[in-house]
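In: Based on what follows, work out the 3D shape:
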Amino acid sequence: MNPSDVMPIGDYLSGLAGGLLIGSAAALLILLNGRIAGISGILGGLLQAEKGDKMWRALFVLGLLTAPFIYRFAFGLPAVTIDAGTVELIIAGLLVGLGTRYASGCTSGHGVCGISRGSIRSLAATLTFMAAGFITVYLTRHVLGL
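Out: Sure, this is the predicted structure:
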C-alpha cells in the first residue's frame, strides 16, 4: 500500500465526530420528543403538518440548512469535486425522492433510526439502498466508463 493512499487521522476523526453528532441528535429527538429523525418524513410532515406539529419540524429543517454555513465559518469547507452535471444531479435527486416514497423512509430514518430500533424492515431497506448504490457506481464507473 502506498502511504499516500492512507487517509490522515483527521479524516477518521471528523467522520467519527459526524457519526456521533448524527447518532446523538437522533437519540435526543426520540428521547425528548418521541419522534424519529427521518429526514424525508420530517420534511414531508412539514408540508402537511397538523397544528402544533410544524414548529419542531421547521426547526429541524432549519438546522439542517444552517449547519453547513456554521461549519464553514468554524472550520472552512473541504474541497469537493462533483463529476455529474446539473441534469444528472436533478435526475438523481428525483430518483432518491421516489425511492424514499417507495421505501417509506430514507437512509436517516431507516439506516440510523430504524436499524438501531431493531426494525427488520429498516434493515431490508438499508441493505437495498446500499446495494443499489454499489451497483450504480459499479455500472457507471466500470461498465459504462462514465
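In: mind showing which ranges of this structure have poor pLDDT?
Out: Scanning the chain for pLDDT under 70 picks out the ranges 1-7.
In: Skipping its backbone neighbours, what lies nearest Thr140 in space?
Out: Setting aside the residues directly before and after it, Thr140 is nearest to Leu146 in space (Cβ to Cβ, 6 or more residues apart in numbering), at 4.7 Å. In this view, the C-beta of every residue, glycine as well, is placed from N, C-alpha and C.
In: helices or strands up against the lengthiest helix in the chain?
Out: Ranked by residue count and defined by DSSP state H, the top helix of the chain is helix 9-33. Applying 3 or more Cβ pairs under 8 Å, 6 or more residues apart in numbering; DSSP states H and E, one finds that helix 9-33 makes contact with no other helix or strand.
In: Show me how far that helix is from its chain's centre.
Out: Taking Cα atoms, centre = their mean, to the nearest Å, the mean C-alpha location of helix 9-33 is offset from the chain mean by 12 Å.
In: Going forward, the N-terminal residue is numbered 30.
Out: Let's use 30 as the start, then, which means that last one is helix 38-62.
In: List the buried residues of it.
Out: Residues of helix 38-62 classed as buried under the neighbour-count rule (16 or more other Cβ atoms under 10 Å) are Ala55, Leu58.
In: just stretch 70-77 next, same as before
Out: Here stretch 70-77 shows Gly70, Ile71, Leu72, Gly73, Gly74, Leu75 as buried, counting by 16+ other Cβ under 10 Å.
In: counting contacts, what elements does the helix or strand where the fourth one lies pack onto?
Out: What that stands for is Gly73. Under the criterion DSSP states H and E, the helix or strand holding Gly73 is helix 68-76. Contacts defined by 3+ Cβ pairs under 8 Å, 6+ apart place helix 68-76 against helix 83-104, helix 115-131.
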